[in-house]
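>>> below: sequence and its predicted model.
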Amino acid sequence: MAKFRVERPGDGPGTVTLMREVREHPDSADKEAYVTSNWVCEEAGELSEISEAGYREWLSKSLLSFDGDLLLPQFGLMESRSATALLAMIPAELEKVGAAIQAAGPLLKRKTAKTARANPGTAGVVRAEAWLSRRVDEIYRQLTREPVDDRMEEWGEGGQALLQRQPDGSFDLLTSMRRGAAACGYGTPLKSLSDGARDICALSLLFALPGFMNGMQDSLPPFMVLDEPDSRLDKRHASALRDFLQGPDGPKQCIWMSLNNHSAFPEDSVLEEEEAQHSPR
């Protein structure tokens, strides 16, 4: 269960309580099958159960009050915010950002003479693409770092993500466990990655795009709500994600809801079955 304060323009501060209940599926012989219930309340009201669709709508309405905030709904990395979906957004966003760069004027002095002679209109897009490629790789590098101790308190080097433009204008993401391998042509394309590895790619893109679309800023959104971004990650990558979000490059505030199915967060509180049965409905 999470309780936090939000402040919306014109409404002032308020308290919101969110609870997610996970229990074994009563009609399934599979011990790994679960059912999930979502409960919310505002101020001193009672907890009320809502559907998954209602839960997502509630989060969007209640939490995303300021421009620039980031919401990752449950299953978002598998659906609307998957790596494939985010890559599909890039061509249009590059055109927008490139046009803004082009209109700025003085920045055009940085373009090469070759690019200027070939097609002056592409200079802004080229610069925007280079910025986004660098930023996605920086975040991917953080999220794939190797731990150097068993407790995962110290971290070493991470991998590489290479944003690659395809002949048809679309984009793919090539990744490698070692720095430099993807850039030398030894990267693995997105479609060949495991579910967890694709989620790491999606998170790298998801964290980079808001700053890119907001003037190419090397910063995460100030407030982020992440609903189970680690559901398909192993302990190492979930720990690296948490370390990144809590570090100096992370957001100012972040609400992260996790099932902790990888046991990466032993110190976090877990609602036991007996407590769940006696929770207010």
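Perfect, I can see it now.
>>> name the element the closest residue to Leu163 other than its chain neighbours belongs to?
If you skip the residues right next to it in sequence, Leu163 has Ser133 as its closest partner in space, 4.2 Å away by C-beta to C-beta, 6 or more residues apart in numbering. In short, each C-beta sits where N, CA and C put it, glycine included. Element membership of Ser133, judged by DSSP states H and E, is helix 123-143.
>>> helices of the stretch 51-200 of the chain, start to end?
Per DSSP state H, counting those that start in this stretch, the stretch 51-200 of the chain has helices spanning 52-63, 83-104, 113-118, 123-143, 195-213. These are given in chain order.
>>> the fourth one packs against which elements?
Of the remaining helices and strands, those touching helix 123-143 by 3 or more C-beta pairs under 8 Å, 6 or more residues apart in numbering; DSSP states H and E are helix 83-104, helix 113-118, strand 160-165, helix 195-213, helix 235-246.
>>> ok, now with 10 Å
Other elements packing on helix 123-143 under the criterion 3 or more C-beta pairs under 10 Å, 6 or more residues apart in numbering; DSSP states H and E are helix 83-104, helix 113-118, strand 160-165, strand 171-176, helix 195-213, helix 235-246.
>>> and of those, who's closest to Glu146?
Distances from Glu146 to each of these were compared using C-beta to C-beta; the minimum, 7.9 Å, belongs to helix 235-246.
>>> can you point out the buried residues in the closest one?
Using 16 or more other C-beta atoms under 10 Å as the burial criterion, the residues of helix 235-246 that qualify are Lys235, Arg236, His237, Ala238, Ser239, Ala240, Leu241, Arg242, Asp243, Phe244, Leu245.
>>> between the residues you listed, which sits nearest Asp172?
Within these, distances to Asp172 taken as C-beta to C-beta reach their minimum at His237, with 21.0 Å.
>>> shouldn't that closest one be in contact with Ala264?
Yes. Under the contact definition of C-beta atoms under 10 Å, His237 touches Ala264, with a separation of 8.7 Å.
>>> where do the contact lists of the two overlap?
Common neighbours of His237 and Ala264 (criterion: C-beta atoms under 10 Å, 6 or more residues apart in numbering): Asp230.
>>> which segments of this structure make up each domain?
2-63, 82-219 (automatic domain parsing).
>>> sec struct for Glu49, please.
strand (DSSP: H, G, I helix; E, B strand; the rest coil).
>>> ok, and the closest non-adjacent residue to Ser258?
Asp230 (5.5 Å).
>>> against Leu87, how distant is that neighbour?
The gap separating Asp230 from Leu87 is 21 Å, by C-beta to C-beta, to the nearest Å.
>>> who's more crowded, those two?
With neighbours defined as other C-beta atoms under 10 Å, Asp230 and Leu87 compare such that Asp230 has more, 26 against 20.
>>> any idea how far Pro91 is from that one?
Spatial separation of Asp230 from Pro91 under the definition C-beta to C-beta is 29 Å.
>>> Ala202 now?
Applying C-beta to C-beta, one obtains 17 Å for the distance of Ala202 from Pro91.
>>> surely the residue nearest to Leu163 is in contact with Ser204?
No. Taking C-beta under 10 Å as the contact criterion, Ser133 and Ser204 are not neighbours in contact, 11.2 Å apart.
>>> which of those two has more neighbours?
When Ser133 and Ser204 are compared for neighbours, Ser204 comes out ahead with 26 against 18, by other C-beta under 10 Å.
>>> list the contacts of the more buried one.
Ser204 makes contact with 83, 86, 135-144, 161, 163, 173, 175 under the criterion C-beta under 10 Å, 6+ apart.
>>> nearest to Pro251, of those residues?
Distance from Pro251 was checked for each of the contacts of Ser204 by C-beta to C-beta. The minimum falls on Ile139, at 12.5 Å.
>>> the closest one contacts Ala208, doesn't it?
Yes. Proximity of Ile139 to Ala208 meets the contact threshold set by C-beta under 10 Å, at 5.6 Å.
>>> shared neighbours of the two, which are they?
Listed as contacting both Ile139 and Ala208 by C-beta under 10 Å, 6+ apart are Ala161, Leu220.
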